[in-house]
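Requesting a structural model of the entry that follows:
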Amino acid sequence: MIEEDRRSGGRDASTGKARRHIAGLTGVLVCVLLMSIAIPVLAAPARQAATPQAPSAGNVTVSTPVPMSGPLSPPDAVAGRATFSQYCAPCHGDTGNGDGPGASGLQFKPFAFADPKLVGAAPLSELFNVAKNGRMARMMPPWGSQLNDQQIWDVVGYAWTLHTSPSEVNQGKTVYQANCASCHGVDGKGKAPMLDLTSFAATSVISQTAWAQIVANGVTNAGDTMPGYTGKLDAAGQAAALEYVRSLSFKQEFRGPLAAGSGVISGTVTNGTANQPLANQSMTLHIFDGNTLLESREAKTDAKAFYRFGSLPDDTTLSYAVSTQGPGNLPYGSDVQSFAAGHTGLDMPVTVYETTTDGSGISAGPVHFIVEFDQGQMLIAELLVFNLSGNKTYLGDSSSVLRVTVPKGAQNLTIQDGNLGERYKATADGFVDTLPLPPGIGSRQILYRYTLPYTGDTLDLVRSLPYPATNVNALISDLGEKVSSPQLAAQPVRQTQSGNYLSLLGPSVAANQQVSLHFTNLPGPGALQSSSAAQPGGASATGTGGLTQTLTLVVIALAGFAAVALISWPLLRRRAAAGAPFAAGPGAAAPEAAGTPVYRRNALVDELARLDLAHEAGEISDADYRDRRLHLKAQLSDAIRQEQRSGGINDGRAHGG
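Residues are numbered from 1 along each chain as shown. You can find the predicted model right below:
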């Protein structure tokens, strides 16, 4: 939501590892569409009332803004966590360090809520005003059109907590009771003319820094004297006391111990290879608040392979997952689920598989190539969706499970969900994935990007995979170039918020078969095609931070699988629709005809996307949304099965991955 302006003494603008993973298409759609326009900054509110003076502390006088509208109720930081995860973490990061996946292409490092000095300098009212009203001169979007005031206060409250901890607040409580309660009261309400520390309307306009100056130096105001604590209490103790004081005006700052509830999670465990139930199987239930593991519980399956966890909190903001170990001590788990409002039961089955070293059942599809241009280089992203037929988990050979190549001359290779040297290992012509591959359609997605410099105005991009592939797609930023391919057919130009994209499609290619894209009339090396590249710290010829998030949305929708990790590579463009022609080469495949399984699958994916957007816009109720989405997902599963039977997907059966 709020970003640090480096001209105001911000921290280093290097970006951290992308860690956001979205388990459903809804989150992908919302984050991509909303984040694609945002370069927010920490700034004065767009509109601000008169600024009364805070009590002076020595020679320091602090002006604090009045919030545009007070909270409907004090902030519930626990309730704000989910909103932060959806709207803010893509740039600010899960832990508020400014290292979200959307940070890499931004001019300024996102504001680091985890930094006590940075967040302490801003009153909560200022954070609220910037979040709600935006600052469009700096491309900060107004979130007030997406969230109501209470939601914004809650998410600001959660963002605030990222610089402190329950232990620091508890330490501060002890310090407060020993040094402050005699005047301010045990409950913090105090007596006039003292400030009521439990009043959020009163305290939200005062920054932590202003309070710290008063505590350190003391103050005399309207006949009321407060002594300074420099020399009486160390800096850590003063800071902890102020963290506790801030918590007094929150409805809830941190989640307390999990209380027993009426929630029940149960399911069965099956060996999918032998199609046999697994009795006496050790099961672990993981309880998450966002990405934070709160608690784990253990159970075993009974003689009928049934397990049960009871007395669980049915809080809809918590997430649950069940895991177990299968053959070869490989971990397997359920889908991540949460209790719906008014419901207290979840069925979470788990399937494990025997292992194999036979990789002949591996195929890829859909496969997507995405191409943009910037100062004499191509910015290329590739999304590979892998399938494994049969009913065993593939262990790979001694060095790899999946092999991926990149073109000769490729630079700046990055992989969305890992680093080279860890799960992924570099090879002479690309990289390998060492994670065992479970059976099923879409059981693995790998998204990676690289740059490819070029000279002149023509280039042949030649790609191949060591696996048979279906539904090969290419999307190319439309800047007036022409593109042709012997293997892929021309499709209608795709229009996005960031401009038009040329589209080519091919139904299938054999293992190791080359797919070539012939480019002519390319932008010259001196041309500047990326607005982010034009800005200090933006994506440029040295990186791939420029691939648009709107284009990412198109890719994910094309893939037709919800469990694709979110990527955010913002490249803020203002591009004219050139409408350049392009031609398919001889022998190219024709577009998919209406009525075919592939056509039906893509149509259902588009309908799911429209449904998600309508729900986020408040056009349909939660209940209608759930019902319609379940219906569409069932139709999509049926369409995938039909496509499989018709040969569109090379897979023997449709296991969940």
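
Measure how buried residue 347 is and give me the count.
By the criterion of other CB atoms under 10 Å, residue 347 has 11 neighbours. All C-beta atoms are positioned from the backbone trio N, CA, C, and that covers glycine.

That one contacts residue 264, doesn't it?
No - the pair residue 347 / residue 264 is not scored as a contact, 9.6 Å apart, by CB atoms under 8 Å.

hey, where'd the helices end up in the stretch 101-250 of the chain?
For the stretch 101-250 of the chain, helices defined by DSSP state H, counting those that start in this stretch occupy the ranges 116-120, 124-133, 149-161, 166-179, 181-184, 200-203, 208-217, 235-247.

Using CSV, please lay out the ones you listed together with mean pLDDT, distance to residue 84 and mean neighbour count.
As requested, the helices of the stretch 101-250 of the chain are exported to CSV (pLDDT from 0 to 100; distance: least, CB to CB, whole Å; neighbours: other CB atoms under 10 Å):
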stretch, mean pLDDT, distance to residue 84, mean neighbour count
helix 116-120, 94, 13, 19
helix 124-133, 90, 11, 25
helix 149-161, 94, 5, 26
helix 166-179, 95, 17, 17
helix 181-184, 92, 30, 14
helix 200-203, 92, 18, 18
helix 208-217, 93, 19, 20
helix 235-247, 95, 18, 22
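
Go through those helices and name the closest to residue 479.
helix 124-133 (34.5 Å; CB to CB).

Which strands or helices does the closest one pack on?
Secondary-structure packing of helix 124-133 (3 or more CB pairs under 8 Å, 6 or more residues apart in numbering; DSSP states H and E): helix 149-161.

Can you show me the CA trace of the helix it packs on as PDB?
What follows is helix 149-161, C-alpha atoms only, in PDB (Å, rounded to 0.1, in the frame of the first residue of the first chain):
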ATOM      1  CA  ASP A 149     -12.800   2.500   6.200                       C
ATOM      2  CA  GLN A 150     -12.900  -0.200   8.800                       C
ATOM      3  CA  GLN A 151     -11.000  -2.600   6.500                       C
ATOM      4  CA  ILE A 152      -8.300   0.000   5.900                       C
ATOM      5  CA  TRP A 153      -8.000   0.800   9.600                       C
ATOM      6  CA  ASP A 154      -7.700  -3.000  10.200                       C
ATOM      7  CA  VAL A 155      -5.000  -3.500   7.600                       C
ATOM      8  CA  VAL A 156      -3.100  -0.400   8.700                       C
ATOM      9  CA  GLY A 157      -3.300  -1.900  12.200                       C
ATOM     10  CA  TYR A 158      -1.900  -5.200  11.000                       C
ATOM     11  CA  ALA A 159       0.900  -3.500   9.000                       C
ATOM     12  CA  TRP A 160       1.800  -1.600  12.200                       C
ATOM     13  CA  THR A 161       2.300  -4.900  14.100                       C
END
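
contacts for it?
1-2, 69, 71-73, 75-81, 83-84, 87-88, 92, 96, 113, 119, 124, 127-128, 131-132, 143-144, 147, 246, 250, 253-254 (CB atoms under 8 Å, 6 or more residues apart in numbering).

I'd like to check the angle between that helix and helix 208-217, please.
Counting by axes from the mean of the first three to the mean of the last three CA atoms, to 10 degrees, helix 149-161 lies at 50 degrees to helix 208-217.

what angle separates helix 149-161 from helix 124-133?
130 degrees.

hang on, the earlier thing: what's the ChimeraX line that selects buried ones from the contacts of helix 149-161?
Selection of buried members from these for ChimeraX, criterion 16 or more other CB atoms under 10 Å:
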select :1,2,71,75,76,77,78,79,80,81,83,84,87,88,92,96,113,119,124,127,128,131,132,143,144,147,246,250,253,254
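
In strands, which of the contacts of helix 149-161 fall?
Among the contacts of helix 149-161, DSSP state E puts none in strands.

what about the closest residue to residue 327 other than its chain neighbours, neighbour count?
Nearest-residue entry for residue 327: residue 354, 5.1 Å, with adjacent residues in sequence omitted and distances by CB to CB, 6 or more residues apart in numbering. Number of residues near residue 354 (other CB under 10 Å) recorded here: 15.

show me the contacts for the residue nearest to residue 463 when sequence neighbours are not counted.
Closest residue to residue 463 apart from its sequence neighbours, by CB to CB, 6+ apart: residue 515 at 5.1 Å. Neighbour list for residue 515: 369, 462-464, 472, 485, 487-488, 506, 509 [criterion: CB under 8 Å, 6+ apart].

Of those residues, just the buried ones, PyMOL syntax please.
Buried members of the contacts of residue 515, identified by 16+ other CB under 10 Å, are gathered into one PyMOL selection as follows:
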select buried, resi 369+463+464+472+485+487+488+506+509
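
longest strand of the chain?
Per DSSP E, the chain has its longest strand at strand 440-453.

so what strands line up beside that strand?
Strand 440-453 sits in its sheet next to strand 377-388 (antiparallel), strand 411-415 (antiparallel), going by DSSP bridges.

ranking those strands by burial, who's on top?
strand 377-388 (a mean of 24; mean count of other CB atoms under 10 Å).

Mind checking what helix or strand follows it in sequence?
Reading on from strand 377-388 to the C-terminus, the next helix or strand found by DSSP states H and E is strand 392-394.

which residues are in contact with that next one?
Counting by CB under 8 Å, 6+ apart, 273, 326, 328, 330, 353-359, 361-362, 388, 401, 436-439 sit against strand 392-394.

In that strand, which residues are buried?
392-394.

Let's see whichever helix or strand comes after that strand as PDB, backbone CA atoms only.
As assigned by DSSP H and E, the chain's next helix or strand after strand 392-394 is strand 402-405. Taking C-alpha atoms only, strand 402-405 is exported to PDB below (Å, rounded to 0.1, in the frame of the first residue of the first chain):
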ATOM      1  CA  LEU A 402      12.600 -32.200 -14.800                       C
ATOM      2  CA  ARG A 403      14.900 -30.600 -17.300                       C
ATOM      3  CA  VAL A 404      14.400 -27.100 -18.800                       C
ATOM      4  CA  THR A 405      16.500 -25.400 -21.400                       C
END
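
What strands line up against strand 402-405, and which way round?
Checking strand 402-405 against DSSP bridges gives partners strand 430-433 (antiparallel).

If you average the pLDDT over the strand it pairs with, what comes out?
Mean pLDDT, strand 430-433: 96.

Are any of the contacts of strand 392-394 buried, and if so which?
Neighbour counting over the contacts of strand 392-394 (16+ other CB under 10 Å) leaves 273, 326, 330, 353, 356, 359, 361-362, 388, 401, 436-439 as the buried ones.

Which one of those residues is nearest to residue 298?
Nearest to residue 298 among those is residue 326, at 17.0 Å by CB to CB.

Quick check: closest non-adjacent residue to that closest one.
Per CB to CB, 6+ apart, closest to residue 326 is residue 352, 3.0 Å.
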